[in-house]
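> below are the sequence and a predicted model for it; my questions follow.
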Amino acid sequence: MALGELCGALEWFFKPSRPYASNRRSIEVGHAAQNILLQAAALGLAAVPVGSLDPSRAADTLALPPDQTVLYLIPVGHDP
């Protein structure tokens, strides 16, 4: 099994000069997740997006830099 993570530097999205950036971030992360899921299916693999997680715990586990936040995890593997 492999684990893909979609991460981002959130402070860029929350600057006052970018009022729609937070919504845009969600849309773009969704597009990236969709492409990963479609590619996994095309390869005959099982994949599922996990968005219900503790972002700080996930970032610690993945040893991410302090400015990065986990938005999605996508485990990918063979269907049993």
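Received the coordinates, thanks. Numbers count the residues shown, from 1 in each chain.

> quick one: Gly51 from Ile74, how far?
10 Å (CB to CB, to the nearest Å). Quick note: C-beta positions are derived from backbone N, CA and C, even for glycine.

> just Gly44 next, same as before
16 Å.

> buried residues, the helix or strand Tyr72 falls within. List them.
Counting by DSSP states H and E, the element that carries Tyr72 is strand 69-77. Residues of strand 69-77 classed as buried by neighbour count (16 or more other CB atoms under 10 Å): Thr69, Val70, Leu71, Tyr72, Leu73, Ile74, Val76.

> next SSE after the helix or strand bottoming out on mean pLDDT in the chain?
Taking mean pLDDT, DSSP states H and E as the measure, the chain has helix 10-13 as its least confident helix or strand, at a mean of 57. Next in sequence after helix 10-13, counting helices and strands by DSSP H and E, comes helix 21-42.

> the helix or strand following that following helix pairs with which strands, parallel or anti?
Proceeding N to C from helix 21-42, the next assigned helix or strand is strand 46-47, under DSSP H and E. Using DSSP bridges, the strands paired with strand 46-47 are strand 69-77 (antiparallel).

> and the partner strand with helix 21-42, angle?
10 degrees (axes from the mean of the first three to the mean of the last three CA atoms, to 10 degrees).

> any low-confidence regions in the chain?
By pLDDT under 70, the weakly predicted segments of the chain are 1-23.

> at 80 instead, please
By pLDDT under 80, the low-scoring segments of the chain are 1-28, 67, 80.

> one step back: closest to Glu28 among the buried residues of strand 69-77?
Nearest to Glu28 among the buried residues of strand 69-77 is Leu71, at 9.8 Å by CB to CB.

> surely that closest one meets Gly30?
No. With contact defined as CB atoms under 8 Å, Leu71 does not reach Gly30; the gap is 9.5 Å.

> now Val76: closest residue in space that isn't a chain neighbour?
Ala47 (4.4 Å; CB to CB, 6 or more residues apart in numbering).

> tell me the contacts of the one you found?
Ile36, Leu37, Ala40, Ala41, Ile74, Pro75, Val76, Gly77 (CB atoms under 8 Å, 6 or more residues apart in numbering).
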